[in-house]
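Asks: pasting a predicted model and its sequence here:
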Amino acid sequence: MPRYNYIALDARGSETKGTIEVGSQNEAIGRVKEMGLFPTKITETDKEDKSAGKKARKKTAAKPKARGKKGGGMNFNIAIPGLGGGVKPKVLTTFTRQLATLVDAGLPLLRGLRVLEKQERSGVLKRILGDLSVSIEGGSTFSEALAQHPKVFNKLFVNMVKAGELGGVLEVVLKRLAEFSEKAQKIKGKVKAAMFYPVAVLIVAVGIMILLMTFVVPKFRDVFSGMGFTLPTFTLIVLAISSIVKDYILEVLGGLVVFVILFMLFIKTKFGRLAWDKFKLVMPPFGPVVSKVAISRFCRTLGTLVTSGVPILQALTIVKETAGNVIISNAVVKIHESVKEGETITAPLESSRVFPPMVVSMVDVGEQTGALPEMLLKIADNYDEEVDNAVSAMTSLLEPIMIVFLALIVGSIVIAMFLPLIKMITNMTDEPGDAGGKE
């Protein structure tokens with residue numbers, strides 16, 4: 001029967017080490033918990049000996065080879081540009097759900113990772129799973145292995161896994177992470193779908209305007225040049241815009257690119273990011289959707305972390321870093337300071353003026369009844385439904401707005417081109433009438 005070395009914490013927080021002989025790693029975790037301890041690290045003795053032998057051999061190997069193998073090859077992979085960004089959120093969510101199912105079925109974590117590595121189609125995630133397996137074989141905990149890939153597994157993921165390891169409920173935490181990711185992807189997908197229509201109409205409108213200004217309007221200019229009367233002001237303005245677009249098309253496109261670059265640089269500054277995030281929360285008609293998504297994300301992240309056993313102060317720090325909005329992050333900083341001083345969450349939540357009174361009231365009830373995590377998750381579920389309603393309302397409002405916008409662009413150009421023709425026809429009909437009156 002295999003032997004396992006364990007490192008655990010007692011009720012006072014003191015570290016305890018020992019060795020037990022059980023059938024599997026899950027049994028080792030259960031045995032340590034039965035002893036009244038909280039396991040932080042459990043490794044099989046045979047694998048530790050193998051790992052020690054490997055490390056000894058690495059020290060005597062050539063320097064280039066030692067650098068390539070250090071830390072199970074994980075540092076080398078992390079250094080590759082774009083490695084972490086190559087894993088799509090949907091792929092990561094599927095991996096988390098599958099790993100939770102395997103661990104819940106009683107399969108050891110290492111074996112579960114090996115199984116998923118063999119069937120994984122994403123080359124990037126496949127390499128990362130191999131690195132995780134090597135790291136765990138070398139004696140690292142799962143959370144320590146995940147932390148070496150910060151571009152793929154953020155602090156929310158790592159800390160929840162760490163809490164699951166400490167509490168011996170890794171499969172439960174993985175399920176919560178999968179559910180959290182699935183709901184976040186669902187909300188993100190709905191917002192993207194709602195934005196597709198206005199963006200498509202805007203692209204079509206710009207394309208039509210460029211086409212009219214570069215090909216159609218110049219032909220009218222040639223017709224108008226032979227007329228012996230002054231063109232209307234509106235027509236002159238459209239003709240001037242057409243000349244600029246046609247003769248300086250590269251300069252116009254370059255100016256747009258420069259504007260976009262300057263805007264991106266501006267919102268990367270502290271003041272620019274604050275101003276832009278504040279504008280997004282109130283911008284019609286997108287403001288209500290952005291605000292509800294931000295509140296739902298805050299409540300679900302904090303609720304999931306606290307439910308999984310992450311300490312409240314550490315959970316608030318993670319929420320601040322994953323909020324995605326500076327205004328929400330600043331509110332979380334105030335909440336963190338309030339909790340650190342022994343006060344409640346409700347007061348800074350209300351003073352931030354970001355969260356609606358209903359959210360503040362529900363959090364207050366959750367604090368008073370000792371059911372804050374459950375209340376936060378209920379708020380998140382409620383706001384997910386409100387996001388659906390807000391997205392539907394926004395789509396319904398944007399459709400007529402974009403149709404009118406497209407009609408104004410095309411209609412204005414058409415009117416500008418026909419105003420001189422109307423004026424010419426009017427002059428032609430007036431001349432015979434005047435002559436007849438003189439006779």
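Replies: Great, that's in hand.
Asks: quick one: low-confidence parts of the stretch 201-350 of the chain?
Replies: 226-229 (pLDDT under 70).
Asks: the helices in it, which residues?
Replies: 217-224, 233-247, 249-268, 270-282, 287-307, 312-322, 326-340, 346-351 (DSSP state H, counting those that start in this stretch).
Asks: with mean neighbour count and distance to residue 397 as extra columns, can I get those helices in CSV?
Replies: Glycine gets a C-beta too; all of them are placed from N, C-alpha and C. Below are these laid out as CSV (neighbours: other CB atoms under 10 Å; distance: least, CB to CB, whole Å):
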stretch, mean neighbour count, distance to residue 397
helix 217-224, 15, 32
helix 233-247, 16, 29
helix 249-268, 11, 25
helix 270-282, 14, 16
helix 287-307, 23, 10
helix 312-322, 19, 30
helix 326-340, 18, 24
helix 346-351, 17, 30
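Asks: show me this protein divided up by domain.
Replies: For the chain, the structural domains run 1-60, 76-153, 172-439, going by automatic domain parsing.
Asks: which one, of those domains, ends up nearest to residue 166?
Replies: With distances scored as CB to CB, the stretch of the domains of the chain nearest to residue 166 is domain 1-60 (5.6 Å).
Asks: can you count the residues close to the closest residue to residue 350 other than its chain neighbours?
Replies: In this structure, residue 350 finds its nearest non-sequential neighbour in residue 360, 4.7 Å apart by CB to CB, 6 or more residues apart in numbering. For residue 360, the neighbour count with other CB atoms under 10 Å is 17.
Asks: that's a helix at residue 36, yeah?
Replies: No: with DSSP: H, G, I helix; E, B strand; the rest coil as the criterion, residue 36 is located in coil rather than a helix.
Asks: please report how far it lies from residue 16.
Replies: Distance of residue 36 to residue 16, computed by CB to CB, to the nearest Å: 10 Å.
Asks: re the thing from before, residues contacting the residue nearest to residue 350?
Replies: 346, 349, 350 (CB atoms under 8 Å, 6 or more residues apart in numbering).
Asks: from residue 320, how far out is it?
Replies: Remark: distance between residue 360 and residue 320 (CB to CB) = 19 Å.
Asks: do residue 195 as well
Replies: Relative to residue 320, and taking CB to CB, residue 195 is found at 27 Å.
Asks: same question for residue 283.
Replies: From residue 283 to residue 320 the distance is 23 Å (CB to CB).
Asks: again, but for residue 153
Replies: Counting by CB to CB - residue 153 and residue 320 are separated by 18 Å.
Asks: same deal with residue 241?
Replies: Using CB to CB, we find residue 241 at a distance of 47 Å from residue 320.
Asks: quick revisit: which of the contacts of residue 360 lies closest to residue 164?
Replies: Nearest to residue 164 out of the contacts of residue 360 is residue 349 (CB to CB; 27.5 Å).
Asks: hmm, residue 355 and that closest one touching each other?
Replies: Yes: with contacts counted by CB atoms under 8 Å, residue 349 reaches residue 355, the gap being 5.4 Å.
Asks: what do these two both touch?
Replies: Between them, residue 349 and residue 355 share the contacting residues residue 331, judged by CB under 8 Å, 6+ apart.
Asks: tell me the secondary structure for residue 41?
Replies: Secondary structure assignment for residue 41 (three-state DSSP): strand.
Asks: neighbours around it, how many?
Replies: 15.
Asks: list the contacts for it?
Replies: Contact partners of residue 41, counting by CB under 8 Å, 6+ apart, are 6, 7, 139, 141.
Asks: are we agreed that the third one is in a strand?
Replies: Going back to what we said before, that points to residue 139. No: under three-state DSSP, residue 139 sits outside any strand and is assigned coil.
Asks: got phi/psi on the spatially most central residue of the chain?
Replies: With distances taken as CA atoms, centre = their mean, the residue of the chain nearest its centroid is residue 324 (7.2 Å). When read as degrees, to the nearest 10, the backbone of residue 324 gives phi 80, psi 0.
Asks: who touches it in this structure?
Replies: Taking CB under 8 Å, 6+ apart, we find residue 324 in contact with 294, 297.
Asks: try residue 387
Replies: Neighbour list for residue 387: 187, 190, 191, 289, 292, 293, 296 [criterion: CB under 8 Å, 6+ apart].
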